[in-house]
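> below are the sequence and a predicted model; questions follow.
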Amino acid sequence: MSNLTSKPVILVASVCLVALIAVVWLVPEGDTAGQASEETVVLNDVAQRDNEKLSDNGKTVDDVWQWEPFEENLADPKGVGEVAEDQPQLNVTFDIQSIQNGLKTVKIDQYGDVVVNPDALNALNEVFRSGSVLLDDDAMTELQRLIRMGLAGAAGEQVATIVGNFNDYLRAKKEMYELMASSGGEVDHRALLDEQAALQELYMGKEVADKLFTAEDASARYMMESMVMAKDKTISDEERAARQEELREQYEGAQYGIENWASRYSTFKQEKQSIINSGLSQQDIKQQVQRLARSHFTQQELERISHMNLGGV
């Protein structure tokens, strides 16, 4: 397992990316991953909010970042290179300016919480090099302390929590893959993806995991199912093409981060067909289908999948 305390250069280079992960809530740290608590319930409530509406607040982290706690260190180009006497001595230097620069465009809603956004996963994977680089306990504690210094209140707690919990998730994921590799034999990719999804929910909480991993998981499952179908010699080319199209529709929206895509799209598609078969005029059908699309999906979701033209006839 990689240890950032032995690689200060890597840590300084990657800390600036940590800022971007502030757009997601995670469950609080505790003795047991996924432990139920009042705070967990609050986190899930935040994750369920309508992000498109909340993002209109206009505030960003740049508006609320506190420089005062770092004023004595800002003259040092390396940022905060020392810690308090009661803090562990580290072989790393954190660049406060880089953290703030990365965070400054993250939106804050009217409740003072960071806006939940699945795009944060890309930043997390950059920070931890997709699991190949992990923080030890001392380095993680120090990074979380600095984040809380710069971001007061809920936003700071959210960022600090996501860093720690995502790190824990990656550790568990790495152990799972190591166990799989040591067991030998053929890999059951469906079961592996199911186990990975279980870890995501365990460490992140269901609501947050759905928002964070929907696109990545959908892409992985689409790729896996496509490969299985390509190897199936029992079906004709025509049937394979038809199934491939069904598979594409099944995962298309989810790959753009739309939650519960399969069930929502299936319902929409059935209702759309009923309108088309209703015998109404072409103009009325067009208008009703457009209203139907807006009733099943938000405007931002429709923009993400505009290439599918759901409101078209």
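Nice, thanks for sending it over. Numbering: from 1, shown residues only.

> domain map for this protein?
Using automatic domain parsing, the domains assigned to the chain come out as 4-193, 263-313.

> and the ones you listed, which one is worst for confidence?
For the domains of the chain, mean pLDDT drops lowest on domain 4-193, to a mean of 66.

> what is the burial count for residue 115?
When counting by other C-beta atoms under 10 Å, one arrives at 22 neighbours for residue 115. Where you see a C-beta, it was placed from the backbone N, CA and C, and this is true even at glycine.

> what do you get for residue 280?
13.

> now residue 67
Per other C-beta under 10 Å, the neighbour tally for residue 67 reads 12.

> how near is it to residue 61?
Applying C-beta to C-beta, to the nearest Å, the value for residue 67 to residue 61 is 12 Å.

> and what of residue 285?
From residue 285 across to residue 61, the span is 46 Å (C-beta to C-beta).

> packing partners of the helix or strand containing residue 289?
Assigned by DSSP states H and E, residue 289 belongs to helix 282-296. Using 3 or more C-beta pairs under 8 Å, 6 or more residues apart in numbering; DSSP states H and E, the elements in contact with helix 282-296 are helix 261-276.

> dump the helix it packs on to PDB, keeping only the CA atoms.
C-alpha atoms of helix 261-276 as PDB (Å, rounded to 0.1, in the frame of the first residue of the first chain):
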ATOM      1  CA  TRP A 261     -32.200   5.800 -14.900                       C
ATOM      2  CA  ALA A 262     -33.300   2.300 -16.000                       C
ATOM      3  CA  SER A 263     -36.600   2.400 -14.200                       C
ATOM      4  CA  ARG A 264     -37.300   6.000 -15.000                       C
ATOM      5  CA  TYR A 265     -36.500   5.600 -18.600                       C
ATOM      6  CA  SER A 266     -38.600   2.500 -18.900                       C
ATOM      7  CA  THR A 267     -41.600   4.200 -17.500                       C
ATOM      8  CA  PHE A 268     -41.100   7.200 -19.800                       C
ATOM      9  CA  LYS A 269     -40.700   5.100 -22.900                       C
ATOM     10  CA  GLN A 270     -43.900   3.200 -22.200                       C
ATOM     11  CA  GLU A 271     -45.900   6.400 -21.600                       C
ATOM     12  CA  LYS A 272     -44.300   8.100 -24.700                       C
ATOM     13  CA  GLN A 273     -45.400   5.100 -26.900                       C
ATOM     14  CA  SER A 274     -49.000   5.400 -25.500                       C
ATOM     15  CA  ILE A 275     -49.100   9.100 -26.500                       C
ATOM     16  CA  ILE A 276     -47.700   8.300 -30.000                       C
END
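
> could you list every helix and strand in contact with that helix?
In terms of contacts (3+ C-beta pairs under 8 Å, 6+ apart), helix 261-276 is packed against helix 237-252, helix 282-296.

> in the shortest one, which residues are buried?
Going by neighbour count (16 or more other C-beta atoms under 10 Å), the buried part of helix 282-296 is 285, 288-289, 292-293, 296.

> and the angle for that helix with helix 261-276?
Put simply, helix 282-296 runs at 160 degrees to helix 261-276, going by axes from the mean of the first three to the mean of the last three C-alpha atoms, to 10 degrees.

> list the buried ones in the next helix or strand after helix 282-296?
Next along the chain after helix 282-296, taking DSSP H and E as the criterion, comes helix 299-304. The neighbour-count check on helix 299-304 (16+ other C-beta under 10 Å) flags 301-302, 304 as buried.
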